[in-house]
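> Model the structure of this input:
(chains A and B)
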Amino acid sequence: GESVGLHLPTLSVQEGDNSIINCAYSNSASDYFIWYKQESGKGPQFIIDIRSNMDKRQGQRVTVLLNKTVKHLSLQIAATQPGDSAVYFCAEKHTGNQFYFGTGTSLTVIP
Amino acid sequence: ETGVTQTPRHLVMGMTNKKSLKCEQHLGHNAMYWYKQSAKKPLELMFVYSLEERVENNSVPSRFSPECPNSSHLFLHLHTLQPEDSALYLCASSLGNTGQPQHFGDGTRLSIL
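This is a model prediction of the structure:
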């Protein structure tokens, strides 16, 4: 069945360090992936996306890596800041219109 | 301003009440979605509207009734809800409904007494 999961439910990093958040998916037909950030009391906020014909995409301080061989997605945040503290979750889409979401990793940035 | 506005932000209702959640998007999108977010669970897709027509209905109980009068507005009508329906209800929109990022509102926190 569908499985979009995260390796760790919580992650603590020192301010200024790089953060890596991981996501595993099980459907090899998935062709589009999104990372979202959700702060307390707010809705999910789009961070970055990647399509299955790519293996890396960079944004401002964020990089998404896609490894289709092992069905693994990661989000790297450079120079993590206190404002990066939030829950991060991945979403995958395969054929059809439905996205499957992970349960999220809670990132805490230690000043 | 997220571009997707949900009201009310918080709602407490009894099991016999009838209420409606409202969502409005200002992004020019043509697809809108309702999700349920419960603690420690993945987002659950409830309904999808594309060009004001319902295209997905994920076996949601009939006590939840969506309405999409135009591409900018989406409602979720609630009646005779159960305590397990307490959750955060999120609205999202996208440009098209295949392979485009969804933009979310901040949700309505619903508590059923």
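> For the lowest-mean-pLDDT helix or strand in chain B, which residues meet the burial criterion?
Within chain B, judged by mean pLDDT, DSSP states H and E, the helix or strand with the poorest mean is strand B:53-57; its value is a mean of 75. Residues of strand B:53-57 classed as buried by neighbour count (16 or more other CB atoms under 10 Å in any protein chain shown): residue B:56. In short, each C-beta sits where N, CA and C put it, glycine included.
> which helices and strands does the next helix or strand after it pack with?
Toward the C-terminal end, the helix or strand that comes next after strand B:53-57 (DSSP states H and E) is strand B:64-70. On a contact count with 3 or more CB pairs under 8 Å, 6 or more residues apart in numbering or on different chains; DSSP states H and E, strand B:64-70 meets strand B:31-37, strand B:44-50, strand B:53-57, strand B:73-79.
> that older thread, what about the least confident helix or strand of chain B, distance to the chain center?
Distance, stretch centre to chain centre, for strand B:53-57: 13 Å (CA atoms, centre = their mean, to the nearest Å).
> Give me the nearest residue to the one residue in chain B that gets nearest to chain A, chain neighbours excluded.
Chain B approaches chain A most closely through residue B:104 (3.7 Å), counting by CB to the nearest CB. Residue nearest to residue B:104 in three dimensions, not counting chain neighbours: residue A:43, with 3.7 Å by CB to CB, 6 or more residues apart in numbering or on different chains.
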